[in-house]
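**Q** next comes the sequence, and after it the predicted model I'd like to discuss.
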Amino acid sequence: VTSLPTELLNEMVSSAWWVPIAAGLLSLCVGMLYPTVDSFYGTKPVLQTDWPNLIKCSIIFFGINHACMKLDYINSLQLSVTLAVLSITMWWLFDRTVSGLIVGVSSTLVFISVSQFFVYHGFASYKKPDFFFLRSWIPSLIFSAVITFGTIGRQLSAFRFTHSHED
């Protein structure tokens, strides 16, 4: 029987194991929130959501995620402005609804508030905070994630709705 090294076990136990679980559950909630808000207000997406656009949206989100993590920028302002423009462009390309913008901005503000609460009370910390004790790329990344998972939710809702009426 092979056993894991003690250092690895200690790191796994002391790490924030709850972050991926919380991110998955919140992504599921946002994906369900978009079609719910659309049906509540009686709005329809401006653009036709289809599978190729959904794949493009997901690829752009992963590109923004990669840019946040791997690219070195001269300063945090350059990174923040670049990612903000990319996130708003992503909303314009794949959503263009006022309800999508409102859900995206409000979800981002809620996430920032909760994360700041966790940092303030010592539950989490940033390695290098650079703007109001917050990583400058987090709002843009969260906004683009909301747009991506909202688009997935809309597409799955439309797919379910069209197939349930064909039977």
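**A** Here it is on my side, so go on. Predicted, not measured: the structure shown is a model, and the values here were computed from it.

**Q** only C-alpha atoms for contact and neighbour calcs from this point on.
**A** Will do.

**Q** which ones are touching the most centrally placed residue in the chain?
**A** The chain has residue 145 as the residue nearest its centroid, 2.2 Å off, counting by C-alpha atoms, centre = their mean. By C-alpha atoms under 8 Å, 6 or more residues apart in numbering, the contact list for residue 145 reads 27, 61.

**Q** look up phi and psi at it.
**A** phi -70, psi -40 (degrees, to the nearest 10).

**Q** swap in residue 96?
**A** Dihedral angles (degrees, to the nearest 10) for residue 96: phi 60, psi 20.

**Q** and the gap between it and residue 153?
**A** According to C-alpha to C-alpha, to the nearest Å, residue 96 stands 15 Å off from residue 153.

**Q** who has more neighbours, these two?
**A** residue 153 (22 against 16; other C-alpha atoms under 10 Å).

**Q** the helix or strand residue 25 falls within packs against which elements?
**A** With secondary structure defined by DSSP states H and E, residue 25 is part of helix 18-41. Helix 18-41 sits against helix 98-120, helix 138-166, with contacts defined as 3 or more C-alpha pairs under 8 Å, 6 or more residues apart in numbering; DSSP states H and E.

**Q** would CSV of these with mean pLDDT and distance to residue 76 be doable?
**A** Compiled in CSV, the helices and strands packed on helix 18-41 are given as follows (pLDDT from 0 to 100; distance: least, C-alpha to C-alpha, whole Å):
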stretch, mean pLDDT, distance to residue 76
helix 98-120, 88, 17
helix 138-166, 81, 12
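
**Q** okay then, goodbye and thanks.
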